[in-house]
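K.L.:
pasted the sequence and its predicted model underneath.
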Amino acid sequence: MDSWQVAAALLSAALHAGWNAAVKSHARPAEIMTAQMAVGAMLGLPLLLWTGLPAPASLPWLAGSTCINLVIVTALLRTYSLIGFGTAYPMVRALSVMLVTPAAAFISGEVLSGYGLLGIGLIVASLFLLAASSRGVAVPPKALFWMLLAGLATAGYVLCDAQGVRRAGSPLAYGFVVSATNAAAMFVYQGVAARQWRSVAGHARAALPIAVASTASYLLILWVWSQAPVAPASALRDTSSIFALVIAIVWLHEPFTRLRLFAILLSVAAVPLLRLA
């Protein structure tokens, strides 16, 4: 990976952490999430007049990405109803990175250097440490099942998008269409479209900056995946959990423990290694 790709993946991670923090801090997280997806789709669709549609070869991967996204949302919501976000999210991301690495080698023939594998290992370790930093959290069997499903689905989502964007001809065109199909699928999944549109209209102003950050984060990582190896880029993107931790410590005054410091240091150490992947 070159320096620009590493920087883009890290910026994508920071934006991802920021918009997720904004959603979680909102009084109605589910509604603002739906609103930001709809606003993001409305921002992107007119730009397709400039980019054009993605190449037909990307459409099966695009459809797979959209379907898998619904599985991720369902599995994460079930997981969060059983255990906290601070434990579940980094565990899911760690599982995803672990699965993406061998799957990318099988699908794309990616062969990583020892530095790359070590860097990915450090990211996975930092995510598991971050999950362990939520003390006194018991993981019931049901939560473990939904976490495993979410991790598997997230890995599938990454691989679909990586393959799709490489066949699309344009990361922008692919990203704008996926944003629209994800929003449409979410509306169908939730049902009662008229009620959803009223909710979107009511939250549109608050959702706009979140949608811009979410779309920018997604387009950045698509650009990286279109050029760089999937596994190390995915690992860098999943440092979003570390950025979220920093946000929680600085702005929400959560405790800054030694375990959390160690998790941050592991992620920092992984960046130059992944640059050599």
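P.N.:
Structure received. Numbering: from 1, shown residues only.

K.L.:
for residue 160, see how far away the nearest residue to residue 54 once chain neighbours are set aside is.
P.N.:
Spatial nearest neighbour of residue 54, chain neighbours left out: residue 168 (3.6 Å); criterion: C-beta to C-beta, 6 or more residues apart in numbering. The C-beta positions use only the backbone N, C-alpha and C, and glycine is treated the same way. Applying C-beta to C-beta, to the nearest Å, the value for residue 168 to residue 160 is 12 Å.

K.L.:
find residues that contact each of these two.
P.N.:
Jointly contacting residue 168 and residue 160 under the rule C-beta atoms under 8 Å, 6 or more residues apart in numbering are residue 62.

K.L.:
more neighbours: these two, which one.
P.N.:
residue 168 (27 against 22; other C-beta atoms under 10 Å).

K.L.:
for whichever helix or strand residue 268 is part of, which helices and strands make contact with it?
P.N.:
Counting by DSSP states H and E, the element that carries residue 268 is helix 258-275. Other elements packing on helix 258-275 under the criterion 3 or more C-beta pairs under 8 Å, 6 or more residues apart in numbering; DSSP states H and E are helix 3-25, helix 114-132, helix 230-237, helix 240-251.

K.L.:
including distance to residue 154, could the ones you listed go into TSV?
P.N.:
As requested, the helices and strands packed on helix 258-275 are exported to TSV (distance: least, C-beta to C-beta, whole Å):
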stretch	distance to residue 154
helix 3-25	13
helix 114-132	12
helix 230-237	9
helix 240-251	12
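
K.L.:
distance-wise, check the nearest residue to residue 117 once chain neighbours are set aside relative to residue 165.
P.N.:
Spatial nearest neighbour of residue 117, chain neighbours left out: residue 101 (7.6 Å); criterion: C-beta to C-beta, 6+ apart. According to C-beta to C-beta, residue 101 and residue 165 sit 19 Å apart.

K.L.:
those two: which is more packed in?
P.N.:
Counted by other C-beta under 10 Å, residue 101 and residue 165 do not tie: residue 165 has more neighbours, with 29 against 23.

K.L.:
what mean pLDDT does the helix or strand encompassing the more buried one have?
P.N.:
Assessed by DSSP H and E, residue 165 sits inside helix 141-168. For helix 141-168, mean pLDDT is 92.

K.L.:
so how far is residue 153 from residue 76?
P.N.:
From residue 76 to residue 153 the distance is 9 Å (C-beta to C-beta).

K.L.:
so between these two, which is more surrounded?
P.N.:
residue 153 (23 against 20).

K.L.:
how about that one, what does it touch?
P.N.:
When contacts are counted by C-beta under 8 Å, 6+ apart, residue 153 touches 68, 71-72, 75.

K.L.:
10 Å - rerun?
P.N.:
67-76, 92, 96, 99 (C-beta atoms under 10 Å, 6 or more residues apart in numbering).

K.L.:
average pLDDT for stretch 236-251?
P.N.:
pLDDT averaged over stretch 236-251 gives 82.
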